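Engineer: I would like the atomic coordinates for the input below:
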Amino acid sequence: MRALLGAWGRCGVGGALLLIVLGTVLLRAPPAFAHASLLRAEPADGEVAPAAPATLKLFFNEPVSPLVFRLIGPDGMAVTPKVSAENSTVTIAAPPAMRRGTHVLSWRVISADGHPVGGAVMFSIGAATGPPDAAALATDPMVEAAIWAMRVLVYLGLFAGVGGAAFIGLVAGGRPLPGRTEAFIAGAMAVGLLATALSLALQGLDALALPVARLLDRAAWSSGFATSYGATVVLAALAMLIGLLSLRVRKRRLEIALVAVALVLVGLALSSSGHASTASAALSRPAVFLHGICVAFWVGSLVPLLAILREGRGEGGELDRFSRLIPLPLAALIASGLYLAWVQLDRPDALWSTAYGEILSSKLILVLALLGLAAANRFALVPRLRKRPHARAPLVASIAAESALVLAILVMVAGWRFTPPPRALIASEPASIHFHGGKAMAQIDVEPVRARGAEVSILVLDGEFRPLAAKEVTMFLANAGAGIEPIRRNATLVEGTTWAIDDLRIPLAGRWSLRVDILIDDFDKETLEDEVLLPKAP
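Structural biologist: Next up is the predicted model:
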């Protein structure tokens, strides 16, 4: 350990560590709200407008850049309207002489985290008709599969490749690794470089909703580079190129400096785009930066350690140095990972009620298994190997299991590319409705909850605005224009004369027929009914 620290001091690695600190400071940039979400539209989704509007507007929770827009009329004909964006508002110029009936606006924008976001808004002019057949601006499933596969290969290049080069430079001390271990590390970075380049074009295909057959189109490459993912591609490619260069260098000082810079670039690449890197919390980008470096150091060490043990030189040397060095990166990895999970989740049940949370839950289970193996290695198997140098089989099996778990985690977390984190699921604006009848009144408040429908509060009053004790309150919702038959929900008395309905699902925003039946006593019932505007709360 002293020899390793001495080498770091003599070789000027302190300067490389300064780069890491500087990178962390620079990453504390003004945060953005990641993964754009549509807050509302004008006309609203499901609205029946009396006349054709001059413009259509989409309001998002963060600034966005328009990508592709298509307006489909009642006859099924599609036009490409003129679109402009200012901050978080996108304005679409309505074509002249819009026909009476139902129209669909399909839209696609790019959000601050570099991920394309799309959707559709349906509205009617004069009266609702059958919705036209709309070609959705959706990503080709083959493009999504290719993006996921390339993301896994990029991770392997950064973690197994650059991380492996870091092990050679910082732990192995320039000592040759057994067999073809260095060739494997170099191959991981070479494959990662190719995957990084292809992922740029695939990002462009996703942004423009183009099929995989258009992979070589110039528009796909330029659109991919124009997103925030373009910075990730450049930094990741530099990290792997410098990692490859470090394998060819035989001067210790230069080798250590190169792998330190490559690790810094890994952290910068991962923190320059994606969900966590653009979360609203100020420490999110530095946490991603630190998390990426620690993952690379840990994961990159597994294959070299496996090769060293299988050759029979595991006792002492590289294994002891790694065992002494790993606790600090491992602690930083756990702390940054827990912080990022806390930032992304807005509530505990998001771990099992959202797609993002399901992936995170599965990852946490595998990480716990990894930590269990790591603890067994450090406190049981490595000490046993020191006493019995030929008892390598249990440690070899444990590190092999770690490698398999790491691969499973990388395959799993690549799916996060397609799932917005719970804190980015923006709820619609609440609605407040007042019904006035002869014997009873109802004050109805509809509060959408992110990804959990809406919570409804109904305050029952008499005709003089005094609290009215009722025996039963029932709500009915219907939307004939959208073909939705009445939805019946029984309210529950919560306090005094206030009734509540939890988890009410409203599939689309717009004008709904709302009826409230108030059973005052066994012989008297008041029915309140009207057309109201309700927010979307799926």
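
Engineer: When you work out contacts or count neighbours from here on, use the C-alpha atoms and nothing else.
Structural biologist: Will do.

Engineer: can you map out the strands along the stretch 301-450 of the chain?
Structural biologist: Assigned by DSSP state E, counting those that start in this stretch, the stretch 301-450 of the chain shows strands spanning 431-436, 440-448.

Engineer: The shortest one pairs with which strands, parallel or anti?
Structural biologist: In other words, strand 431-436. Strand 431-436 pairs in its sheet with strand 440-448 (antiparallel), by DSSP bridges.

Engineer: Give the next helix or strand downstream of the partner strand.
Structural biologist: Sequence order places strand 454-462 as the next helix or strand after strand 440-448, per DSSP states H and E.

Engineer: Among the strands of the stretch 301-450 of the chain, which comes closest to Met475?
Structural biologist: strand 440-448 (10.4 Å; CA to CA).

Engineer: what angle separates that closest one from strand 454-462?
Structural biologist: Here strand 440-448 runs at an angle of 170 degrees relative to strand 454-462 (axes from the mean of the first three to the mean of the last three CA atoms, to 10 degrees).

Engineer: Tell me the buried residues in strand 440-448?
Structural biologist: Within strand 440-448, the residues that count as buried by 16 or more other CA atoms under 10 Å are 440-442, 444-448.

Engineer: so where is the chain shaky, pLDDT-wise?
Structural biologist: Counting by pLDDT under 70, the ranges of the chain that qualify are 1-35, 130-138, 174, 275-282, 313-316, 424-429, 450-451.

Engineer: Do a quick rundown of the helices in the stretch 1-150 of the chain.
Structural biologist: Ranges of helices in the stretch 1-150 of the chain, per DSSP state H, counting those that start in this stretch, are 2-10, 13-26, 141-156.

Engineer: Need phi/psi at Pro50.
Structural biologist: Main-chain dihedrals, Pro50, degrees, to the nearest 10: phi -70, psi -30.

Engineer: how close does Gly164 get to Ala186?
Structural biologist: 9 Å (CA to CA, to the nearest Å).

Engineer: and those two? which has more neighbours close in?
Structural biologist: Counted by other CA atoms under 10 Å, Gly164 and Ala186 do not tie: Gly164 has more neighbours, with 34 against 24.

Engineer: where's that one, which helix or strand?
Structural biologist: Using DSSP H and E, Gly164 maps to helix 163-170.

Engineer: Restricting to C-alpha, output that helix in CSV.
Structural biologist: Only the C-alpha atoms of helix 163-170 are listed here, as CSV (Å, rounded to 0.1, in the frame of the first residue of the first chain):
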residue,chain,number,x,y,z
GLY,A,163,-12.0,0.5,-15.7
GLY,A,164,-9.8,-2.5,-16.7
ALA,A,165,-7.2,0.0,-18.0
ALA,A,166,-7.4,1.8,-14.7
PHE,A,167,-6.8,-1.5,-12.8
ILE,A,168,-3.6,-2.1,-14.9
GLY,A,169,-2.3,1.4,-14.3
LEU,A,170,-3.3,1.9,-10.6
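
Engineer: Run through the strands of the stretch 1-150 of the chain in chain order.
Structural biologist: Residue ranges of the strands in the stretch 1-150 of the chain, as given by DSSP E, counting those that start in this stretch, are 38-42, 48-49, 55-60, 65-72, 78-79, 83-86, 89-93, 101-110, 116-125.

Engineer: Throw these into a markdown table and include distance to Ile326, thanks.
Structural biologist: Below are the strands of the stretch 1-150 of the chain laid out as a markdown table (distance: least, CA to CA, whole Å):
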| stretch | distance to Ile326 |
| --- | --- |
| strand 38-42 | 44 |
| strand 48-49 | 63 |
| strand 55-60 | 44 |
| strand 65-72 | 43 |
| strand 78-79 | 59 |
| strand 83-86 | 48 |
| strand 89-93 | 48 |
| strand 101-110 | 39 |
| strand 116-125 | 38 |
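
Engineer: now those in JSON lines, with distance to Leu345 and mean neighbour count?
Structural biologist: Putting those into JSON lines (distance: least, CA to CA, whole Å; neighbours: other CA atoms under 10 Å) gives the following:
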{"stretch": "strand 38-42", "distance to Leu345": "19", "mean neighbour count": "18"}
{"stretch": "strand 48-49", "distance to Leu345": "36", "mean neighbour count": "19"}
{"stretch": "strand 55-60", "distance to Leu345": "20", "mean neighbour count": "18"}
{"stretch": "strand 65-72", "distance to Leu345": "26", "mean neighbour count": "20"}
{"stretch": "strand 78-79", "distance to Leu345": "39", "mean neighbour count": "16"}
{"stretch": "strand 83-86", "distance to Leu345": "29", "mean neighbour count": "14"}
{"stretch": "strand 89-93", "distance to Leu345": "26", "mean neighbour count": "18"}
{"stretch": "strand 101-110", "distance to Leu345": "22", "mean neighbour count": "23"}
{"stretch": "strand 116-125", "distance to Leu345": "20", "mean neighbour count": "22"}
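
Engineer: right, and the ones you listed - which one's nearest Ala491?
Structural biologist: It's strand 38-42; of these, that one is closest to Ala491 (CA to CA) at 27.8 Å.

Engineer: Mind listing the strands that closest one pairs with, and their directions?
Structural biologist: Counting by DSSP bridges, the strands paired with strand 38-42 are strand 55-60 (antiparallel).

Engineer: Now do the strand it pairs with: distance to the chain's middle.
Structural biologist: 24 Å (CA atoms, centre = their mean, to the nearest Å).

Engineer: what sits up against it?
Structural biologist: Residues from elsewhere that reach strand 55-60, judged by CA atoms under 8 Å, 6 or more residues apart in numbering: 36-43, 88-94.

Engineer: TSV for the strands of the stretch 301-450 of the chain, including distance to Val266?
Structural biologist: Converted to TSV, those look like this (distance: least, CA to CA, whole Å):
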stretch	distance to Val266
strand 431-436	46
strand 440-448	40
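
Engineer: for these, which one sits closest to Val64?
Structural biologist: Nearest of those to Val64, taken as CA to CA: strand 440-448 at 23.5 Å.

Engineer: Just the C-alpha atoms of that closest one, please, in PDB.
Structural biologist: In PDB, the C-alpha atoms belonging to strand 440-448 read as follows (Å, rounded to 0.1, in the frame of the first residue of the first chain):
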ATOM      1  CA  ALA A 440     -78.100  20.400  -1.800                       C
ATOM      2  CA  MET A 441     -74.800  21.800  -3.200                       C
ATOM      3  CA  ALA A 442     -71.500  20.100  -3.900                       C
ATOM      4  CA  GLN A 443     -68.000  21.600  -3.900                       C
ATOM      5  CA  ILE A 444     -65.900  19.200  -5.900                       C
ATOM      6  CA  ASP A 445     -62.100  19.400  -6.100                       C
ATOM      7  CA  VAL A 446     -60.200  17.200  -8.500                       C
ATOM      8  CA  GLU A 447     -56.500  16.900  -7.700                       C
ATOM      9  CA  PRO A 448     -54.400  14.800 -10.200                       C
END
